[in-house]
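1. Structure for the following, please:
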Amino acid sequence: MQKKQIILMADIISSGQTDQALLMADFAAVVAEVNKKAAAFFLSPLTITLGDEFQGVISSVLEAVHIVHYLEEVIVSSQKIFKLRYVIVEGAIDTPINKKIAYGMMGEGLTRARKQIEQLKKSDRRFNFDLEDRDQEKALNNVFLALQSIADSWNPARDYQIVTSFLKSDDYKQVSKELNRTRSVMWKRHKSLNIEAYNALKEVADFIAA
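-> You can find the predicted model right below:
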């Protein structure tokens, strides 16, 4: 039986509505940072196949979840204004895995991932898992729907710097010191940004994916 691979594919939402040169440069920078940060997780690294889309092959479902977390949080920490739409598909790749660049590979899994990206464009969801284990698939889709509702409520200009600090330290007193803001304001922002729920949902996603 052919071994199924974990394929991660993503594209930029509404990529035609902003400055293309700046958007593509920002997109490439995010992909490069995550490739470097999570190099050990890849069978084939994230590779931009079209101007606003990438694909990669990941060594496990858990590590695919970690990479999605990394991508989302690099976008926040670098205060980029774009959002990504993701599919994580468990499927066959017929050609040899290219360990240097996720390009030139073919197989049912890649074809299915591309179709699902197109289907996801017709909905408001940014994440879709298509896995052999249907219970795991359903649970991850539900968790990431909840994560999306929190992350999509954050405003890049107003919130991303504060969110980045809270992702480094969940202690509002430490964040208030780092950002030179009053403790009471940072306590309220920790609540209004739903940082505790966001971190809890990440832990649940990791548990389900393991």
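2. switch to C-alpha atoms for all contacts and neighbour counts from now on
-> Fine.
3. Tell me the backbone dihedrals of residue 58, please.
-> phi -110, psi 150 (degrees, to the nearest 10).
4. next one: residue 92
-> The phi/psi pair for residue 92 (degrees, to the nearest 10) is phi -80, psi 140.
5. Same question for the one 3 residues further on.
-> Taking degrees, to the nearest 10, you get phi -90, psi 160 for the backbone angles of residue 95.
6. Double-check that residue 177 belongs to a strand.
-> No: using DSSP: H, G, I helix; E, B strand; the rest coil, the secondary structure at residue 177 is helix, not a strand.
7. That one: how many residues sit nearby?
-> Residues within reach of residue 177, counting by other C-alpha atoms under 10 Å, total 12.
8. What's the per-residue pLDDT of it here?
-> Residue 177 carries a pLDDT value of 95.
9. Ok, residue 18 next?
-> Looking at residue 18, its pLDDT is 66.
10. can you check the one 10 residues further on too?
-> Residue 28 carries a pLDDT value of 94.
11. Can you give me the distance of it to residue 69?
-> Distance, residue 28 to residue 69, using C-alpha to C-alpha, to the nearest Å: 17 Å.
12. what's the answer for residue 196, then?
-> For residue 196 relative to residue 69 (C-alpha to C-alpha), the value is 15 Å.
13. what do you get for residue 46?
-> Separation of residue 46 from residue 69 (C-alpha to C-alpha) stands at 14 Å.
14. Neighbour count: these two, which is higher?
-> The neighbour comparison of residue 46 against residue 69 (other C-alpha under 10 Å) goes to residue 46, with 27 against 14.
15. Quick one: residues contacting the more buried one.
-> 31, 35, 54-57, 101-102 (C-alpha atoms under 8 Å, 6 or more residues apart in numbering).
16. Just the buried positions in the helix or strand harbouring it, please.
-> Assigned by DSSP states H and E, residue 46 falls within strand 42-50. Within strand 42-50, the residues scored as buried using 16 or more other C-alpha atoms under 10 Å are 42-49.
17. mean confidence for it?
-> Rounded mean pLDDT across strand 42-50 is 93.
18. what lines up beside it in the sheet?
-> strand 53-58 (antiparallel) (DSSP bridges).
19. What is the subsequent helix or strand relative to the partner strand?
-> helix 61-77.
20. That following helix packs against which elements?
-> Packed against helix 61-77 by the contact rule (3 or more C-alpha pairs under 8 Å, 6 or more residues apart in numbering; DSSP states H and E) you find strand 5-12, helix 20-37, helix 156-168, helix 195-209.
21. got the buried residues for it?
-> Buried residues in helix 61-77 (16+ other C-alpha under 10 Å): 61-68, 70-77.
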